[in-house]
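>>> below are the sequence and a predicted model for it; my questions follow.
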Amino acid sequence: MSIRILLVDDHKIILDGLRSLLKQNSELEVVAEVRDGIAALKVAQELQPDVVIMDITLPKLNGIEATRQILAEIPNAKVIALSMHSDQMFVMEMFKAGAKGYMLKDDDFDELLTAIRAVLKGEVFLSPTIAALKVKDYLRYSPQNTAAPLTFLSTREREFMQLLASGKTIKEIALELHISPKTLYTHRENIMRKLDINNSAKLIKVAIQQFVERPT
């Protein structure tokens, strides 16, 4: 029985390359390819893949949040991050979201095959390039002071922050999230309380730091 894989990346050339390489292994079957986080969640629910190879920088819903939501719906799926980001914060946030592997896009393809086999055996796989980050120590102890600010926010609140960072107005965000501006203002107040922020300018600055200066 083949290993069913969902590919998630917003660059077609990456998807084409991964599909071509994975097809060379008879154990593996690419069941779908999608280019944004919302589509990843929908397709994962429909197709129930064994493994999701997930980029972090995605439109509509970033890879960290997409991973969190996919695993809430399909807890047996294994997510492997495949990213250009080697920063420790991204690695930690992906593992906290439930990913079992983290690869860099400049790693060898053979490493990805090793990662797929490892996560299916219940192991955690970390790119050799960033192994020095000692993420395994983090996974054991999960110190509270390493958490990113957005860790404390709900799914809807993180979506609001991502759209805010993209430059959208409250009215535009409300339309995109299909909620009323009044409800959105309530979300904003909750976010500001959780992050101990007392003005809109600082809220926008934090959103930009999280989703633009540190793209997810």
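Nice, I can see it. Numbering: from 1, shown residues only.
>>> which residue ranges make up each domain of this structure?
The chain breaks down by automatic domain parsing into domains covering 3-144, 149-213.
>>> tabulate those (TSV), appending mean neighbour count.
For glycine as for every other residue, the C-beta is placed from the backbone atoms N, C-alpha and C. Shown next, in TSV, are the domains of the chain (neighbours: other CB atoms under 10 Å):
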stretch	mean neighbour count
domain 3-144	18
domain 149-213	15
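>>> how about CSV for those, with mean pLDDT added?
As requested, the domains of the chain are arranged in CSV below (pLDDT from 0 to 100):
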stretch, mean pLDDT
domain 3-144, 86
domain 149-213, 82
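>>> strands along this structure, start to end?
Assigned by DSSP state E, the chain shows strands spanning 3-8, 28-34, 51-54, 78-83, 101-104, 125-126.
>>> roughly how far is the fourth one from the heart of the chain?
This points to strand 78-83. Strand 78-83 has its C-alpha centroid displaced from the chain centroid by 8 Å (CA atoms, centre = their mean, to the nearest Å).
>>> how about the strands of the chain in JSON lines, adding distance to Lys194?
Below are the strands of the chain laid out as JSON lines (distance: least, CB to CB, whole Å):
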{"stretch": "strand 3-8", "distance to Lys194": "28"}
{"stretch": "strand 28-34", "distance to Lys194": "31"}
{"stretch": "strand 51-54", "distance to Lys194": "26"}
{"stretch": "strand 78-83", "distance to Lys194": "26"}
{"stretch": "strand 101-104", "distance to Lys194": "27"}
{"stretch": "strand 125-126", "distance to Lys194": "30"}
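>>> to Val206, which of the ones you listed lies closest?
With distances scored as CB to CB, the stretch of the strands of the chain nearest to Val206 is strand 78-83 (21.9 Å).
>>> packing partners of the closest one?
Judged by 3 or more CB pairs under 8 Å, 6 or more residues apart in numbering; DSSP states H and E, strand 78-83 is in contact with strand 51-54, helix 63-73, helix 88-97, strand 101-104, helix 109-120.
>>> partners of the first one in the sheet?
Meaning strand 51-54. Strand 51-54 has the following strand partners under DSSP bridges: strand 3-8 (parallel), strand 78-83 (parallel).
>>> longest helix of the chain?
helix 181-194 (DSSP state H).
>>> roughly how far is that helix from the heart of the chain?
For helix 181-194, the distance to the chain centre is 23 Å (CA atoms, centre = their mean).
>>> so what touches it?
Defining contact as CB atoms under 8 Å, 6 or more residues apart in numbering, one finds that helix 181-194 is touched by 152-153, 156-157, 160-161, 170-171, 173-174, 177, 197-198, 200, 203.
>>> again, only this time at 7 Å
Residues outside helix 181-194 that contact it (CB atoms under 7 Å, 6 or more residues apart in numbering): Phe152, Leu153, Arg156, Glu157, Phe160, Met161, Ile170, Lys171, Ile173, Ala174, Asn198, Leu203.
>>> stretch 68-86 now?
40-41, 44-45, 48-56, 63, 67, 90, 94, 97-105, 115-116, 119-120, 129-130, 155.
>>> okay, how far is it across that stretch, tip to tip?
20 Å (CA to CA, to the nearest Å).
>>> Phe125 and Ala115, how far apart?
Counting by CB to CB, to the nearest Å, the separation of Phe125 from Ala115 is 4 Å.
>>> let me fix that: Asn199
In terms of CB to CB, Asn199 sits 44 Å off from Ala115.
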